[in-house]
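Participant: curious how this folds, go ahead:
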Amino acid sequence: MELGPGQAGQEEFRTLAGVRGDAALTGSGGPGRLLRSGPAVTVAGIEASPAGHGAPPVVPYVRVNLSLRSRPGQDSQEVQRRLVTRLAALRPSGAAPTAASRSRAAA
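Facilitator: Okay, the predicted model is just below:
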């Protein structure tokens, strides 16, 4: 399905992606363009300790698998370093973010 520019496309994108109405969509162009071009960070998986009935009130760890798409010609190691720096600045007290690269980029 093609999501073009304009309010109708944005509302459909918000519904399909589960984006709250008060959350700003960043970037330029319509949602379809935002999904297919330019740099992007995608959460590809989350692993954490159980949070069901009887689980401890504090989650001791969480592991997030991110997919990072960079622009052609960008240094992937520099992009990763900047992302880790940004996440470290946002971290809750006591959290220590680390990164491991599993690059699929062509050499």
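Participant: how confident was the prediction at Gly45?
Facilitator: pLDDT recorded at Gly45 is 91.
Participant: so how far is Pro72 from the closest residue to it other than its chain neighbours?
Facilitator: In this structure, Gly45 finds its nearest non-sequential neighbour in Asn65, 3.9 Å apart by C-beta to C-beta, 6 or more residues apart in numbering. Every C-beta, even on glycine, is put in place using the N, C-alpha and C of the backbone. To Pro72, Asn65 is 23 Å away according to C-beta to C-beta, to the nearest Å.
Participant: and Leu90, how close does it get to Leu83?
Facilitator: For Leu90, the distance to Leu83 - C-beta to C-beta - is 11 Å.
Participant: assumed Val41 was part of a helix.
Facilitator: No - Val41 sits outside any helix when classified using DSSP: H, G, I helix; E, B strand; the rest coil, being strand.
Participant: look up how far Arg86 lies from it.
Facilitator: 10 Å.
Participant: and if you look at Ala23?
Facilitator: Noted for Ala23: a distance of 18 Å to Arg86, by C-beta to C-beta.
Participant: higher neighbour count, these two?
Facilitator: Remark: of Ala23 and Arg86, Arg86 carries more neighbours, 12 against 8, as counted by other C-beta atoms under 10 Å.
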